[in-house]
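[1] The sequence isn't on hand, but the structure is:
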């Protein structure tokens, strides 16, 4: 791990996003809460929060951090513009992670989105394996030496 002991603690935050693309039938099952494993959005939200909290255990050189906020929001997106008509809907995922520390929380935000997306996939795969985890990325980060960064639109 990188030595961060000489760095002063500052407020850090990161926002990450991603989505799980799926067909309309699977999307409707999620929307109507008819997936056999349970409420996809609620379980994926908790899984994402757990993913952020477990980041340093999954990624070998990631520092364990004292997170002060983790939120994971899942939204249903109908009728995506797509060249692949079979994947016309999505569960959109956004995480916000904050801490006061010596290093950033981008990995925790990405872990939250990734674990939430994997949970959506796991819970829906009995309905259809035709899904794709897509566009997982950091869209904004604040704090530290590099300051504020935002994804270009």
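    Arrived safely. What you are looking at is a predicted structure, and each value in this text was computed from that prediction instead of being measured.
[2] Pull out the buried positions in the helix ranked longest in the chain.
    Assignment by DSSP state H gives helix 106-124 as the longest helix of the chain. By neighbour count with 16 or more other CB atoms under 10 Å, helix 106-124 contains the buried residues 106-121, 123-124. Any C-beta I mention is one placed from the backbone N, CA and C, and that applies to glycine too.
[3] Check which helices and strands that helix sits against.
    Applying 3 or more CB pairs under 8 Å, 6 or more residues apart in numbering; DSSP states H and E, we find helix 106-124 packed against strand 10-22, helix 24-31, helix 40-53, helix 55-58, strand 67-77, strand 89-101, strand 132-142.
[4] Report the contact partners of the residue nearest in space to the middle of the chain.
    Taking CA atoms, centre = their mean as the criterion, residue 113 is the residue nearest the geometric centre of the chain, at 0.9 Å. Neighbouring residues of residue 113 by CB atoms under 8 Å, 6 or more residues apart in numbering: 16-18, 48, 72, 93-95, 136.
[5] can you list the weak-confidence ranges in the chain?
    Scanning the chain for pLDDT under 70 picks out 82-85.
[6] Please report how far the closest residue to residue 38 other than its chain neighbours lies from residue 46.
    Distances taken as CB to CB, 6 or more residues apart in numbering place residue 123 nearest to residue 38, at 7.1 Å, with adjacent residues excluded. To residue 46, residue 123 is 12 Å away according to CB to CB, to the nearest Å.
[7] Contact partners for residue 34?
    residue 28.
[8] quick one on the thing from earlier: with respect to residue 152, which of the helices and strands packed on helix 106-124 lies nearest?
    Smallest distance to residue 152 across these (CB to CB): 10.0 Å, for strand 132-142.
[9] Can you give the strand pairings for that closest one, parallel or anti for each?
    Sheet pairing of strand 132-142 (DSSP bridges) gives strand 10-22 (antiparallel), strand 149-150 (antiparallel).
[10] I'd like those strands written out as a markdown table, with mean neighbour count and distance to residue 66 added.
    Formatted as a markdown table, the strands paired with strand 132-142 follow (neighbours: other CB atoms under 10 Å; distance: least, CB to CB, whole Å):
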| stretch | mean neighbour count | distance to residue 66 |
| --- | --- | --- |
| strand 10-22 | 22 | 11 |
| strand 149-150 | 12 | 22 |
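[11] For residue 88, find the nearest of these.
    For those, proximity to residue 88 was assessed by CB to CB; strand 10-22 is nearest, at 8.2 Å.
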